Every structure is written in structure tokens, then in C-alpha cells.
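Chemist: Predicted model, plus sequence, below.
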Amino acid sequence: MATCEAYATAIRGTSLADRRGMDPDSIVDVAIIGGGPAGLSAALLLGRCRRRVVVFDGGHHRNDESGAVHGFLTRDGVPPAALREIARNELRRYGAVHVEDRRVTDLARDRDGFVVTPDGGDHVRARRVLLATGLVDVHPPIAGAEALHGRLVLPCPYCDAWEKRDLPLAVYSHADDRGARYALLLAQWSSDLVFYPGRPAELSSEVREVLAARSITVDERPVERVDEAGGALELTLADGARR
Ligand SMILES: Cc1cc2nc3c(=O)[nH]c(=O)nc-3n(C[C@H](O)[C@H](O)[C@H](O)COP(=O)(O)OP(=O)(O)OC[C@H]3O[C@@H](n4cnc5c(N)ncnc54)[C@H](O)[C@@H]3O)c2cc1C
């Protein structure tokens, strides 16, 4: 702890460049904001191109709640944090690539490029900035959905549907043909499907026929809440019914 405090005192008021043993007036080639797979991939290529790079990782990643990454060649089934750790280890081969576990709070232009300021207040100057901040999921307006995101409420069938194959699946989506087509997409993983549009659906007769042919039920009752029950998802509908 004493060492950490001494370090914190020593670095106060200095720029990241100082701490990296760089000339404080120096400038890195690229500051990458985002330490997920996108930002780390960019850092790898830039490092191999002999660029001086700083990657900022704000600490939260879109798939943090997921148990494993799927569909990524050679890393199928690896936990997301382990994937990032492997990537960071690879970056260590390239001396001019550094990763900072800090969130960027300010980005400003200066004469040669940009001044990037992370939390903590010091800064790095960069000729270019690469934004790799990822996406933010918008959760459905259903109580409990956010808490189960990534485990039982899954936004990406290509990422996780194989693990749920042949199980009963609830598809919550748009109350029109787009939502119904999404339910039809899911039919390749399970034949036990219920489509919940959350309100009376406006479906074309053609799409209704295809749903019926696939035995996909459309349950138009609003979904009030979702809970975990015995490792599966339990839906509570507006009339109190549970599924
Ligand atoms: C539940 C779930 C499961 C998924 N499963 C898979 C899967 O199996 N296979 C697959 O290929 N994809 C999967 N995905 C999609 C997956 O999230 C992306 O493939 C991957 O995370 C995208 O990487 P990214 O670098 O674009 O974004 P992220 O991994 O989200 O990384 C964004 C980065 O930006 C940083 N950041 C944001 N703002 C700032 C800031 N101001 N300062 C500093 N840093 C900042 C974050 O901290 C983070 O480091 C899944 C998504 C979800 C939600």
C-alpha cells in the first residue's frame, strides 16, 4: 500500500507520457478509447506497425455478464475477461503499446491532435484518437430483465442460442412482422417457441401463416416481469399467469 501511495504522490500532476518515461511534450500516435476486443485488435495492428499507442479501458464491457464468448475462431467458449487477458498479453510483445485501466472523461483538440484526459485528471497527447467504445444494450421495459441480462435474457442468438438449443424459448420483440421474423429466426435452435410482442401484434396474414406452420404461438399479453426459477427464466404476464 505504501508503495502505491508513494507512486500516486509521485505521479500527481504529471502526464501519462511522463509516467511512461516519455518526454512530457511528446505525443503518442494513437489513443484508443476502449479496451474491448475492438480496441485491443486495433492496438495489436498499430503496435505491429511500430506506432506508439495508449489504450484506455473504462472497466465495463458489453458482454461482462456473459459466461463465455462464442463463435470466435480459436476462442469459442472462453470467458470474455480471459479473451481480453490473452489479448493484453499479446500486446506486451510490442513495447510501444500501453493499456490504462481508466475511463476517459475529456477529449479536446490541440494543435497537433488531441488531448485525452482520463479520470484522475492527468492526460496524454495523441495525434489520432480511435473510438472503440462499443455498444450499450437498451433493456426491454420488463422488471427483472436488466438483472438477468447476459445470463437468461440474451440479446444475440448467434452468441448464445446454441447453448439453449431445443429448450423452450420466449422471444420478446417488435409487435409487427419484424418481431415475428425474429421469432422465426430462433426456430432453427428450438421448435418450442412463444413470441411475446408485449401488446396486440400487427402481423401480415402471410407472416401469421408462417408462424402457425412452425407452431410458434403468439402470446399478446404484456410481460410484467421476469425472474430466475431453478436456472430457467420465469415470465409473469399482465394477468398474473406465469410461464
Ligand atoms: C450478453 C452478451 C453476449 C455476447 N456474446 C458474444 C459472443 O459470444 N461472441 C461475440 O462475438 N460477441 C458477443 N457479444 C457481443 C460482444 O459484446 C462484442 O462482440 C464485443 O464485446 C464487442 O467488443 P467492443 O470492443 O466493440 O466493445 P466492448 O467489449 O463493450 O468494449 C468497449 C470498451 O470501451 C470502453 N469504454 C467505453 N467508454 C469509455 C470511456 N469513456 N473511456 C474509456 N473506455 C471506455 C469500455 O470500458 C470497454 O473497454 C455479446 C454481447 C452480449 C451483450
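Modeler: Received, thanks.
Chemist: where does the residue positioned nearest the centre of the chain fall, helix, sheet strand or coil?
Modeler: What sits nearest the mean C-alpha location of the chain, by Cα atoms, centre = their mean, is Arg62, with 1.8 Å. Three-state assignment for Arg62 (DSSP: H, G, I helix; E, B strand; the rest coil): coil.
Chemist: Contacts only, for it.
Modeler: 36, 134-137 (Cβ atoms under 8 Å, 6 or more residues apart in numbering). (Each C-beta comes from the backbone N, C-alpha and C, glycine too.)
Chemist: same thing with Asp76?
Modeler: Residues in contact with Asp76 (Cβ under 8 Å, 6+ apart) are 69-70.
Chemist: And it, how far from the ligand?
Modeler: Separation of Asp76 from the ligand (Cβ to the nearest ligand atom, to the nearest Å): 8 Å.
Chemist: What score does that residue have for pLDDT?
Modeler: Note on Asp76: pLDDT of 98.
Chemist: Make residue 1 into 694 and carry on from there
Modeler: Yes, from this point I'll number from 694; that puts the last item at Asp769.
Chemist: Kindly confirm my reading that it is in a strand.
Modeler: No. According to three-state DSSP, Asp769 belongs to no strand; its state is coil.
Chemist: What does the pLDDT read for Asp803?
Modeler: So, for Asp803, pLDDT stands at 93.
Chemist: That one touches Val817, doesn't it?
Modeler: No. If you go by Cβ atoms under 8 Å, Asp803 and Val817 don't touch, sitting 11.4 Å apart.
Chemist: Of the two, which one has the most company?
Modeler: Applying other Cβ atoms under 10 Å to Asp803 and Val817 shows that Val817 carries more neighbours, namely 25 against 11.
Chemist: Near the nearest residue to Glu793 once chain neighbours are set aside, how many other residues are there?
Modeler: Nearest non-adjacent residue to Glu793, counting by Cβ to Cβ, 6 or more residues apart in numbering: Phe749, 5.2 Å away. Phe749 has 26 neighbours, counted by other Cβ under 10 Å.
Chemist: can you tell me how far Phe749 sits from Gly729?
Modeler: Look at Phe749 and Gly729: by Cβ to Cβ, to the nearest Å, they are 11 Å apart.
Chemist: Could you do Val808 as well?
Modeler: As judged by Cβ to Cβ, Val808 and Gly729 stand 23 Å apart.
Chemist: neighbour count winner among these two?
Modeler: Using other Cβ under 10 Å, the more surrounded residue of Val808 and Gly729 is Gly729, with 23 against 18.
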